[in-house]
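[1] for reference, the sequence and a predicted model appear below.
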Amino acid sequence: MPKPKVAFYWCASCGGCEEAIIDLNEDLLTVAGAVDIIFWPCAMDFKYSDVHALADKEIDICFINGAIQTSEHLEMAELLRRKSKILISFGACSQLGGIPGLANFWNREAIFRSSYLDKCPSVDNPDGVVPQTSSQVPEGELTLPAFHNTVKSTDQVVDIDYYLPGCSPAPHLTLAAVMALLGGEVPPKGTVLAPNKALCDTCPRADTKPEKLMLEDVKRISLHAADPEKCLLAQGFICMGPVTRTGCSADGEGRCIAANMPCRGCYGPPSEVKDVGAKMISALASIVGLENEETMSEADVQKLMNTAVDPAGLFYRFSLAKSMLRRKQPDTQTKE
Ligand code: SF4
Ligand code: SF4
């Protein structure tokens with residue numbers, strides 16, 4: 001009996017999700033023995049023409065990581081959707097836009113200006129050349145994919161069957177998902193293949209998180225030592241555990257919490273949270289007492305607000321492209 005055909009592809013990605021496959025360690029041999037990997041350009045020499053040559057739906061399971069930021073990403077996402085029975089959005093960038101999605105605070109012109117023109121000390125570019133989709137050289141025409149103005153999650157451009165969350169997805173979740181799908185256990189379409197609970201619900205420090213928190217200021221983990229036994233939020237560190245799906249560690253503790261670092265939200269929200277940043281800002285507003293704004297002086301409010309450095313980048317670190325806001329609006333963008 002032929003083995004199921006599996007493909008992996010990366011879009012706007014750091015490569016960490018590809019390494020997450022290798023992190024399966026010896027279990028990778030189990031997976032590799034059970035499937036036929038027919039496309040994995042990061043690891044082996046495959047060509048796009050190999051995918052074009054496949055019949056529609058010939059790939060049984062395709063994992064796509066990274067956000068959609070160029071015309072090449074879009075083209076490949078559409079092609080792999082057509083060629084795959086099951087398309088899994090793999091990792092935070094694919095599911096939510098992730099770190100590349102923070103580009104939505106800017107636009108293509110501002111990013112090119114910063115990367116190739118006036119702000120990048122490591123670039124020597126006296127002619128002010130920025131990437132072009134087409135350039136004529138003596139040998140003929142050279143082409144590059146078009147760089148999009150707005151970063152999108154994979155499901156904003158193609159139909160997705162399942163999501164494996166995380167930056168990067170934890171090996172135990174990946175293995176469980178692959179073995180379940182290979183065994184014919186097919187969850188409802190759209191399922192996020194991680195427990196539908198907040199990290200706080202499984203965090204061993206939850207007992208030290210009081211029902212009602214009152215913070216006087218917000219601390220930065222780089223400037224203050226955290227007590228390794230107590231809830232980080234109760235100590236004044238912004239921890240995204242209340243609005244983040246658990247599952248990053250098999251024991252529920254949270255990979256960052258185990259390292260005494262606050263959660264940054266890479267597993268995305270549990271299903272009841274619609275907008276990670278808005279929910280966290282709302283939770284924080286009540287924690288720091290801003291719900292009683294009328295009893296606080298303007299200076300008190302301003303002091304509290306000033307303690308949260310880069311709040312947009314903090315609260316929407318992984319989810320801006322998938323948020324209600326999605327991007328900074330073009331009319332304000334052009335004034336930068
Ligand atoms: S440390 Fe973070 S994840 Fe753990 S209970 Fe506190 S807020 Fe929740
Ligand atoms: S603790 Fe939060 S940021 Fe860290 S790996 Fe888990 S979900 Fe991601």
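    Great, that's in hand. Ligands and ions are numbered 1, 2, ... in the order given.

[2] could you use CA atoms for every contact and neighbour count after this?
    OK.

[3] center of this protein - which residue?
    residue 92 (2.3 Å; Cα atoms, centre = their mean).

[4] for that one, give me phi and psi.
    In terms of degrees, to the nearest 10, the main-chain angles of residue 92 are phi -60, psi -40.

[5] that one contacts residue 64, correct?
    No - here residue 92 does not reach residue 64: they are 11.0 Å apart, not a contact under Cα atoms under 8 Å.

[6] kindly check the end-to-end length of stretch 53-72 for me.
    18 Å (Cα to Cα, to the nearest Å).

[7] equivalent analysis for stretch 197-207, please.
    First-to-last distance for stretch 197-207 - Cα to Cα - comes to 16 Å.

[8] the bottom helix or strand of the protein by mean pLDDT?
    Least confident helix or strand, the chain: helix 330-333 with a mean of 53, by mean pLDDT, DSSP states H and E.

[9] ok, the residue in the chain sticking out farthest from the centre to residue 166 distance?
    Going by Cα atoms, centre = their mean, the residue of the chain most distant from its centre is residue 138, 41.2 Å out. According to Cα to Cα, residue 138 and residue 166 sit 46 Å apart.

[10] try residue 157
    Residue 157 is 20 Å from residue 166, by Cα to Cα.

[11] among the two, which residue is more densely surrounded?
    A direct count of neighbours by other Cα atoms under 10 Å for residue 157 and residue 166 places residue 166 higher, at 27 against 13.

[12] give me the nearest residue to that one, chain neighbours excluded.
    Ranked by Cα to Cα, 6 or more residues apart in numbering and with sequence neighbours excluded, the top spatial neighbour of residue 166 is residue 267, at 4.3 Å.

[13] wait, isn't residue 316 in contact with residue 281?
    No - contact criterion Cα under 8 Å: residue 316 and residue 281 do not qualify, at 10.1 Å.

[14] more neighbours: the two, which one.
    Taking neighbours as other Cα under 10 Å, residue 316 and residue 281 compare with residue 316 leading, 26 against 14.

[15] how about the residue of the stretch 51-200 of the chain found nearest ligand 1, secondary structure?
    Nearest residue of the stretch 51-200 of the chain to ligand 1 (Cα to the nearest ligand atom) works out as residue 200 at 3.6 Å. Classification of residue 200 using DSSP: H, G, I helix; E, B strand; the rest coil returns helix.

[16] ok, it to residue 128 distance?
    In this view, residue 200 and residue 128 are 49 Å apart by Cα to Cα.

[17] show me what contacts the residue of the stretch 1-150 of the chain at minimum distance from ligand 2?
    Nearest residue of the stretch 1-150 of the chain to ligand 2, counting by Cα to the nearest ligand atom: residue 92, 9.1 Å away. Residues near residue 92 by Cα atoms under 8 Å, 6 or more residues apart in numbering: 66, 98, 165-169, 266-268, 318.

[18] of those residues, keep whichever come out buried.
    66, 98, 165-169, 266-268, 318 (16 or more other Cα atoms under 10 Å).

[19] what number of residues lie near residue 259?
    Here the number of neighbours of residue 259 (other Cα under 10 Å) works out to 10.

[20] can you map out the helices along the chain?
    Along the chain, the stretches classed as helices by DSSP state H are 16-22, 27-34, 48-52, 71-83, 92-96, 108-112, 171-182, 199-202, 255-258, 276-287, 298-307, 311-315, 330-333.

[21] could you check the angle helix 171-182 makes with the second one?
    With axes from the mean of the first three to the mean of the last three Cα atoms, to 10 degrees applied, the angle from helix 27-34 to helix 171-182 works out at 20 degrees.

[22] now helix 27-34: buried residues?
    By 16+ other Cα under 10 Å, the buried positions in helix 27-34 come out as 31, 34.

[23] which strands or helices does it pack on?
    Where contact means 3 or more Cα pairs under 8 Å, 6 or more residues apart in numbering; DSSP states H and E, helix 27-34 is packed against helix 171-182.

[24] higher neighbour count, residue 200 and residue 128?
    residue 200 (24 against 10).

[25] hmm, that one is touching residue 206, no?
    Yes - with contact defined as Cα under 8 Å, residue 200 counts as touching residue 206 (6.0 Å).

[26] for the stretch 101-250 of the chain, which segments count as strands?
    134-137, 140-143, 147-152, 162-164 (DSSP state E, counting those that start in this stretch).

[27] so the longest one versus helix 71-83, what angle?
    Yep, that's strand 147-152 we're talking about. 50 degrees.
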